[in-house]
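K.L.:
What follows is a protein structure lacking sequence information:
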Ligand SMILES: [Zn+2]
């Protein structure tokens, strides 16, 4: 486990090797869609898209957690950091990551207008 990485990398100059620091905007083209068409970059982008949708599903509409892109064995867990970054971790392979700047992406469900009254 490398939970300490999450703490160390917070504001630290040197990112930890065992933590995936991600800016969600980097996956997107100018239309806000996933830019990568194939390969690991696409898998990585789709994982993060799923993670953002899951993490922002505050109304619990049933968006499933994404499967770990690294080991593909199980779904990841997440917590919201105080600065709204999404911190995720895989209970199977201990991969961890931090996703920032997801707000306003296609998968940000938190800003949806409320249905009904
Ligand atoms: Zn994993």
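P.N.:
Received, thanks. Fair warning: this is a prediction, and the values are worked out from it, not measured in the lab. Residues are numbered from 1 along each chain as shown.

K.L.:
list the buried ones in the strand or helix carrying residue 22?
P.N.:
Under the criterion of DSSP states H and E, residue 22 resides in strand 19-23. If you call a residue buried by 16 or more other C-beta atoms under 10 Å, then strand 19-23 has these buried ones: 19-20, 22. Just so you know, the C-beta spots here come from the backbone N, C-alpha and C atoms, and that holds for glycine as well.

K.L.:
Save those residues as a markdown table, and put in distance to the ion and pLDDT too.
P.N.:
Below are the buried residues of strand 19-23 laid out as a markdown table (distance: C-beta to the ion, whole Å; pLDDT from 0 to 100):
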| residue | distance to the ion | pLDDT |
| --- | --- | --- |
| 19 | 13 | 88 |
| 20 | 11 | 92 |
| 22 | 15 | 93 |
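
K.L.:
now the residues you listed in JSON lines, with distance to residue 93?
P.N.:
JSON lines is the format used below for those (distance: C-beta to C-beta, whole Å):
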{"residue": "19", "distance to residue 93": "13"}
{"residue": "20", "distance to residue 93": "12"}
{"residue": "22", "distance to residue 93": "17"}
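
K.L.:
ok now do the nearest residue to residue 108 once chain neighbours are set aside, which residues does it touch?
P.N.:
Counting by C-beta to C-beta, 6 or more residues apart in numbering, residue 108 lies nearest to residue 56, which is 5.3 Å off, once chain neighbours are set aside. Each residue near residue 56 by C-beta atoms under 8 Å, 6 or more residues apart in numbering is listed here: 102, 107-110.
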